[in-house]
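In: After the sequence you'll find the predicted model.
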Amino acid sequence: QVQLVESGGGLVQAGGSLRLDCSASGRTSGPYAMGWFRQVPGKEREYVAAISGSGSTTPYADGVKYRFTISREDAENTVHLQMNSLKPEDTAVYYCALGSVLSTSSKLYTYWGQGTQVTVFS
């Protein structure tokens, strides 16, 4: 079993920055991909970014490209999402996820965190 815990969400003014962290514990051996998704009430969970096991591949959703940066620290079993130039439409609950393959589909991730709220006000 793997446990994921997100942190770093909060309230920020438009144009500001936040960094989300996700710490993994448990059976995390082997290369694994990690992803960030977000969800607002009444809508489907939306892909944000992911990072491959090697850290060399990092596909981003079009709406966050060039504003968000995903990175990982394997020694700490942690993945980060640096969010800059935040917009009100970035407001959502952000979830981190862990899977065996890199994917933009939530269906291919096995483990999920509990989510952290990000609210961007104008």
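Out: Here it is on my side, so go on. Residues are numbered from 1 along each chain as shown.
In: give me phi/psi at the most centrally placed residue in the chain?
Out: Centroid-nearest residue in the chain: residue 36, 2.4 Å away (criterion: Cα atoms, centre = their mean). Main-chain torsions, residue 36, degrees, to the nearest 10: phi -120, psi 130.
In: residues contacting the nearest residue to it once chain neighbours are set aside?
Out: Leaving aside its sequence neighbours, residue 36 sits nearest to residue 48 (Cβ to Cβ, 6 or more residues apart in numbering; 4.3 Å). C-betas here are computed from N, CA, C, even on glycine. Going by Cβ atoms under 8 Å, 6 or more residues apart in numbering, residue 48 touches 35, 36, 37, 38, 60, 61, 64, 68, 81, 94.
In: Looking at those residues, spot the one nearest residue 20.
Out: Using Cβ to Cβ, residue 81 is the member of the contacts of residue 48 that lies nearest residue 20, at 4.3 Å.
In: Does that closest one fall in a helix, a strand, or a coil region?
Out: Following DSSP: H, G, I helix; E, B strand; the rest coil, residue 81 is assigned to strand.
In: For residue 96, see how far away the residue nearest to residue 36 is.
Out: Residue 48 sits 10 Å away from residue 96, going by Cβ to Cβ, to the nearest Å.
In: Mind listing the shared neighbours of these two?
Out: 35, 36, 37, 81.
In: Need the contact partners of stretch 62-78.
Out: 21-25, 28, 34, 36, 48-51, 55, 58, 60, 79-86, 89-90.
In: In PyMOL, select just the buried ones from those.
Out: Provided next is the PyMOL selection string for whichever of the contacts of stretch 62-78 are buried by 16 or more other Cβ atoms under 10 Å:
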select buried, resi 21+22+23+24+34+36+48+49+50+51+60+79+80+81+83+86+90
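In: List the ones among the contacts of stretch 62-78 that fall in strands.
Out: 21-25, 34, 36, 48-51, 79-83 (DSSP state E).
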